[in-house]
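Student: When you get a sec, could you give me coordinates for this:
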Amino acid sequence: MEPTRRNLTVFVALFIPVYFAAFYAHSFWFRLFINDRTFSVTFGWIHWPMLLSWIPDGVIFAVAGIALAIVLRVDKLGYWALAFGALYSLIGLLMSSYIFEASASLFDYFWAYGGLLVPPICCGLAAVYARHHADQRLRIPGPYA
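Tutor: Model (predicted):
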């Protein structure tokens, strides 16, 4: 199999379980930690339920970025990982149905759509970090080498 086809196959094969894992983890996290709770606000602009809802996506896509760094054989890993997270966010954007009042502030839009930036950023940064860390470990022998 040619390298591009192999990488696309791995990309899709990893994306499908990550998509469903993120979807169900997000739902489970919401029911377990956010639903029916009140949050005291220390800063007026921080919306704690929305901020906390970004945690499962951040964790899952960081792990997916590390997995991409391990299995993909590409030079531009950061772009692939960024596209991986962006694909999830694009699907989420197309399926979203936020309705805002006319008096909605900029922060309302930020908290609603800011979560869509979490998967590409976490996935891209984790993949680049994992690849960089692996390259450094190969170049610099440890004390037990």
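Student: Going by C-alpha atoms from here, please, whenever you check contacts or count neighbours.
Tutor: Fine.
Student: Phi and psi next, for Val74.
Tutor: phi -130, psi 160 (degrees, to the nearest 10).
Student: Just give me the longest helix of this structure.
Tutor: Ranked by residue count, the top helix of the chain under DSSP state H comes out as helix 3-29.
Student: after that helix comes which helix or strand?
Tutor: Counting by DSSP states H and E, the next helix or strand C-terminal to helix 3-29 is helix 48-52.
Student: Just want the most central residue of the protein.
Tutor: The residue lying closest to the centre of the chain (C-alpha atoms, centre = their mean) is Pro119, at 2.1 Å.
Student: After the helix or strand bottoming out on mean pLDDT in the chain, which helix or strand is next?
Tutor: Lowest mean confidence among the helices and strands of the chain (mean pLDDT, DSSP states H and E): helix 48-52, at a mean of 73. Downstream of helix 48-52, the first helix or strand assigned by DSSP H and E is helix 55-71.
Student: contacts for that next one?
Tutor: By C-alpha atoms under 8 Å, 6 or more residues apart in numbering, the list of residues contacting helix 55-71 from outside reads 10-11, 14, 18, 21-22, 25-26, 29, 77, 81, 85, 118-120, 122-128, 130-131.
Student: Compute the inter-axis angle for the helix or strand just after that helix and helix 55-71.
Tutor: Note on helix 55-71: by DSSP H and E, the next helix or strand toward the C-terminus is helix 77-95. Per axes from the mean of the first three to the mean of the last three C-alpha atoms, to 10 degrees, the angle that helix 77-95 makes with helix 55-71 is 140 degrees.
Student: Would you mind checking the average pLDDT for helix 77-95?
Tutor: Regarding helix 77-95, the rounded mean pLDDT is 94.
Student: Next, the angle helix 3-29 makes with that helix.
Tutor: 50 degrees.
Student: list the helices and strands helix 77-95 packs on?
Tutor: Helices and strands touching helix 77-95, by 3 or more C-alpha pairs under 8 Å, 6 or more residues apart in numbering; DSSP states H and E, are helix 3-29, helix 55-71, helix 118-139.
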